[in-house]
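J.: Return a 3D structure for these sequence lines:
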Amino acid sequence: MRVGSLLRRKVCVVSEREDLRELLAALIEADGYQVANAATGEAGLDRAARFRPHAVVVEAPSGKAKDLINRLRSRPELSACGLLVISATLDVPIASQGAWAPFAKPFDLLKLKSAVAAAAARPGQRF
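T.: Numbering: from 1, shown residues only. The predicted model follows:
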C-alpha cells in the first residue's frame with residue numbers, strides 16, 4: 001500500500017490506560033495513520049462517530065470490550081470498521097461479536113500493527 005493512501009486511513013484507539021493508549025497511538029501514527037484517542041468506551045463511541053475511523057483498537061476488560069463492540073456495530077456509520085480487541089480476559093464471544101482480531105495480553109506489537117494495517121485496508125471484513 002502506498003504511503004499516500006495510508007495518510008487517509010484513520011484509526012481510533014480506546015483505552016482507559018493512558019500509557020498504553022499513547023503507546024498504541026504513537027506506533028500506529030508512525031505507520032502513517034491518522035489517530036484519534038479516547039479514554040473510555042463512551043468517549044470512544046463519540047469520538048469514532050465524529051472521526052469515522054477505518055479501524056478501532058479497544059484495550060479493555062472483556063465485558064467492557066463486548067459492550068463497546070455491540071455499540072459500535074449498532075451504529076450504521078461505524079458498523080463496517082475493523083475492530084481489534086486487546087484484553088487480559090479474552091473469551092470466544094468477542095470474535096463472534098464482530099471483533100476483527102482479539103489479542104490476549106501480553107500481546108505482540110508487530111502482530112497488532114499488522115492487524116491494524118489489514119483492518120484499516122479492508123474494513124468490514126474479518127480474519
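J.: hmm, who's touching the helix or strand where Ala36 lies?
T.: Secondary structure assignment for Ala36, by DSSP states H and E: strand 34-38. The contact list for strand 34-38, computed with C-beta atoms under 8 Å, 6 or more residues apart in numbering, reads 7-15, 21-22, 25, 28-29, 44, 46-48, 51, 53. Just so you know, the C-beta spots here come from the backbone N, C-alpha and C atoms, and that holds for glycine as well.
J.: one more time with 6 Å, if that's ok
T.: Identification of contacts with strand 34-38 by C-beta atoms under 6 Å, 6 or more residues apart in numbering yields 10-14, 21, 25, 28-29, 44, 47, 51.
J.: got the CA positions of the helix or strand following it in CSV?
T.: Where DSSP H and E defines the elements, the next helix or strand beyond strand 34-38 is helix 41-51. Extracted as CSV, the C-alpha positions of helix 41-51 are listed here (Å, rounded to 0.1, in the frame of the first residue of the first chain):
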residue,chain,number,x,y,z
GLY,A,41,-15.9,3.4,25.9
GLU,A,42,-18.4,6.2,25.9
ALA,A,43,-15.8,8.7,24.7
GLY,A,44,-14.6,6.2,22.2
LEU,A,45,-18.0,5.8,20.7
ASP,A,46,-18.5,9.5,20.5
ARG,A,47,-15.0,10.0,19.1
ALA,A,48,-15.4,7.3,16.5
ALA,A,49,-18.8,8.7,15.4
ARG,A,50,-17.1,12.0,14.6
PHE,A,51,-13.8,10.7,13.4
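J.: Just the mean pLDDT for the strand holding Ala36, thanks.
T.: Strand 34-38 shows an average pLDDT of 96 in the prediction.
J.: and that strand, how far out from the chain's middle?
T.: Offset of strand 34-38 from its chain centre (C-alpha atoms, centre = their mean, to the nearest Å): 10 Å.
J.: Who does it pair with, and is each partner parallel or antiparallel?
T.: With DSSP bridges as the test, strand 34-38 is paired with strand 10-15 (parallel).
J.: that older thread, may I have the strand holding Ala36 as PDB, with CA atoms only?
T.: These are the backbone C-alpha positions of strand 34-38, laid out as PDB (Å, rounded to 0.1, in the frame of the first residue of the first chain):
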ATOM      1  CA  GLN A  34      -4.400   9.400  11.500                       C
ATOM      2  CA  VAL A  35      -5.200   8.500  15.100                       C
ATOM      3  CA  ALA A  36      -7.800   9.700  17.500                       C
ATOM      4  CA  ASN A  37      -7.700   8.600  21.100                       C
ATOM      5  CA  ALA A  38     -10.400   8.100  23.800                       C
END
